[in-house]
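**Student:** The following comprises the amino acid sequence and a computationally predicted model.
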Amino acid sequence: MKHLHFVLFSLMYLTVCAQSALPGILSERDQAKVVDDILEDRLDNLLPQLMEREGIEMWIIISREYNEDPVMKTMLPSTWLSARRRTIMVFHNDPEEGIDKIAIARYSVGKLLKGQWDVDVYPDQWEALMNIIKEKNPKNIALNFSETFALADGLVKSEYDAFMHYLPEAYHSKVISAERLAIGWLETRSQKELAIYPMIARLGHLILREGLSERAIHPGITTTDDVVWWLRQRVSELGLKTWFHPSVSVQRADMGNNEFLRSFSKRPDQDVIQLGDLLHVDFGITYLRLNTDQQEHFYVLRPGETSAPQGLKDAFAHGNRVQDILTSHFVKGRSGNEILKATLDQAKAEGLNASIYTHPIGLHGHAAGPTIGLWDQQGGVKGRGDYPLFKNTAYSIELFAATKVPEWGGKVVRIMLEQDGVFTGDRFYYLDGRQKELWVIP
């Protein structure tokens, strides 16, 4: 049986691999051009707006090679895969003269930050940095340290200590946290990014639905782990990346009501997919430095069936309704915790059993911005949940709705959905639509 399983799965895998690659994926060289064009636009146009919004005149980011600040990683050009030696970036925003982008390093950072370390004048890198600070004499100096957001806490202690040691005493009182600026930089999507993001979401959906189909699944033989690795292999073949290991889980009529918890920590690797199963997939890709995070459901048809049982369809509709409730409460300036409470209150009033655990997405998978619930913190998330919604920010609308299914003997089925979308400041929209009904296999 194990040999048969291996042979059949291998044949299915080779058949799929023989298919042509999905359209729209650029070569490495062309991807680099797009990445650098977007980065230049963000530094020239978005960054000054954010610095002015947060009242920050000088922002300094310091990292050493292979221990990069998460923010610095997003500011490196396509040909820089890491910082070099110690890389120091200085951004000085003058409302009248515009923004200066300076690298206190042995090299210019691509074409984006001009190197301004003359080792003949200032043999010590820290002294070169202090000269720039004295020359600009900013009203404040923002550094990346934060107790609340890990992504805004990239300045390591040794570099902070060295910076403060060399910084003249008169400037110490000007040092502030760059938390909100760092989060703003990471969470805000430029118009160029918003133009390409729907295509990236589309690629994720196409790969996901290809893997959860009869092209890759043979009921009674294929396991959930087979599908997981099919997705990983497919992403690699296409020249893409995934920012987390996918998961595929099963709910079925003869499982207990608590079996859905296996989709988190207790899911067996070798769960053989059967006829009549409800499959759930969690999958995301990285392309052009932007990420997706998508969860969808698939029903494996039994002989004679042309669609899923009505009870499963109704359960799925409840999931869509919770999505609608959540996004209807997206209002500029409202905090993640306020949105969470309003959503759960309305869902309860409508008789829906819901849980919300939505997160920002963009340059990271679990990205910077307001947290709107965690699966184990439905009463609000201190700190990250208090951060407000800003315009042109992206979110993975992640949640579940639990519903009893009559055809399955009243078993509680949890519809776990996740789709990526953008809040413009006035409205919310999904990047590539959303699943509105159960997909069926075949």
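**Tutor:** Great, that's in hand.
**Student:** Spatially nearest residue to Arg202 (excluding sequence neighbours)?
**Tutor:** Asp432 (4.5 Å; Cβ to Cβ, 6 or more residues apart in numbering). Bear in mind the C-beta positions are built from the backbone N, C-alpha and C, glycine included.
**Student:** wait, that neighbour sits on Leu208?
**Tutor:** No - checked against Cβ atoms under 8 Å, the pair Asp432 and Leu208 is beyond contact range at 10.9 Å.
**Student:** my guess is Val227 is in a strand, correct?
**Tutor:** No - under DSSP: H, G, I helix; E, B strand; the rest coil, Val227 falls outside any strand and is assigned helix.
**Student:** Show me the helices in this structure, by range?
**Tutor:** Secondary structure of the chain (DSSP state H): helices located at 2-17, 28-41, 47-53, 70-75, 125-136, 157-166, 179-187, 191-211, 224-237, 310-328, 336-349.
**Student:** I'd say Ile99 and Glu52 touch.
**Tutor:** No - under the criterion of Cβ under 8 Å, Ile99 makes no contact with Glu52, lying 9.8 Å away.
**Student:** Looking only at neighbour counts, state which of the two leads.
**Tutor:** Ranked by neighbour count (other Cβ atoms under 10 Å), Ile99 and Glu52 place Ile99 first, with 18 against 13.
**Student:** Look up how far Lys139 lies from the more buried one.
**Tutor:** 15 Å (Cβ to Cβ, to the nearest Å).
**Student:** and if you look at Trp185?
**Tutor:** From Trp185 to Lys139 the distance is 20 Å (Cβ to Cβ).
**Student:** Give the residue from the two that has the larger number of neighbours.
**Tutor:** More crowded of Trp185 and Lys139, by other Cβ under 10 Å: Trp185, with 26 against 10.
**Student:** check contacts around that one.
**Tutor:** Trp185 makes contact with Arg42, Leu46, Leu47, Leu50, Val71, Thr74 under the criterion Cβ atoms under 8 Å, 6 or more residues apart in numbering.
**Student:** could you redo the last one with a cut-off of 6 Å?
**Tutor:** Going by Cβ atoms under 6 Å, 6 or more residues apart in numbering, Trp185 touches Leu50.
**Student:** Distance-wise, check it relative to Trp243.
**Tutor:** Using Cβ to Cβ, Trp185 is found at 19 Å from Trp243.
**Student:** mind checking how far the residue most central in space within the chain is from Gly425?
**Tutor:** The C-alpha lying nearest the average C-alpha coordinate of the chain belongs to Gly365 (Cα atoms, centre = their mean; 2.1 Å). Distance of Gly365 to Gly425, computed by Cβ to Cβ: 23 Å.
**Student:** With Val248 instead?
**Tutor:** Distance from Val248 to Gly425, counting by Cβ to Cβ: 36 Å.
**Student:** Of the two, give the one with the bigger neighbour count.
**Tutor:** Comparing Val248 with Gly425 by other Cβ under 10 Å, the one with more neighbours is Val248, at 27 against 15.
**Student:** Which one's more surrounded, Asp432 and Leu208?
**Tutor:** Each of Asp432 and Leu208 has its neighbours counted (other Cβ under 10 Å); Leu208 has more, 25 against 19.
**Student:** I figured that one hits Phe283, correct?
**Tutor:** Yes - using Cβ atoms under 6 Å, Leu208 is in contact with Phe283, at 4.9 Å.
**Student:** residues shared between the contacts of those two?
**Tutor:** Shared contacts of Leu208 and Phe283, defined by Cβ under 6 Å, 6+ apart, are found at Gln294.
**Student:** By mean pLDDT, flag the weakest helix or strand of this protein.
**Tutor:** Lowest by mean pLDDT, DSSP states H and E among the helices and strands of the chain is helix 2-17, with a mean of 40.
**Student:** Ala105 and Ser247: what is the separation?
**Tutor:** 41 Å.
**Student:** In space, what's closest to Met416 - neighbours in sequence excluded?
**Tutor:** What sits nearest to Met416 in space, not counting adjacent residues and going by Cβ to Cβ, 6+ apart, is Phe400, at 4.5 Å.
**Student:** per-domain residue ranges of this protein.
**Tutor:** Domain segmentation of the chain under automatic domain parsing yields 28-187, 189-441.
**Student:** What's the end-to-end length of the last one?
**Tutor:** Okay, so that is domain 189-441. Taking Cα to Cα, to the nearest Å as the measure, domain 189-441 stretches 36 Å from start to finish.
**Student:** What's the mean pLDDT across that domain?
**Tutor:** Mean per-residue pLDDT for domain 189-441: 94.
**Student:** Might you calculate how far that domain sits from the centre of the chain?
**Tutor:** Distance of domain 189-441 from the chain centroid (Cα atoms, centre = their mean, to the nearest Å) equals 13 Å.
**Student:** follow-up on the earlier one: correct me, but the residue nearest to Arg202 touches Met199?
**Tutor:** No - look at Asp432 against Met199 with Cβ under 6 Å: they stay out of range, at 8.2 Å.
**Student:** what's around Gln233, how many residues?
**Tutor:** When neighbours are defined as other Cβ under 10 Å, Gln233 has 14 of them.
**Student:** again, but for the one 5 residues further on
**Tutor:** Other residues within reach of Leu238, judged by other Cβ under 10 Å, total 15.
**Student:** re the thing from before, out of the domains of the chain, which is the most enclosed?
**Tutor:** With neighbours defined as mean count of other Cβ atoms under 10 Å, these peak in mean count at domain 189-441, which reaches a mean of 19.
**Student:** shared neighbours of Asp432 and Leu208, anything?
**Tutor:** Listed as contacting both Asp432 and Leu208 by Cβ under 6 Å, 6+ apart is no residue at all.
**Student:** what's in contact with stretch 300-311?
**Tutor:** Under Cβ under 6 Å, 6+ apart, the answer for stretch 300-311 is Pro219, Leu275, Gly276, Asp277, Tyr299, Val405, Pro406, Glu407, Leu438, Val440, Ile441.
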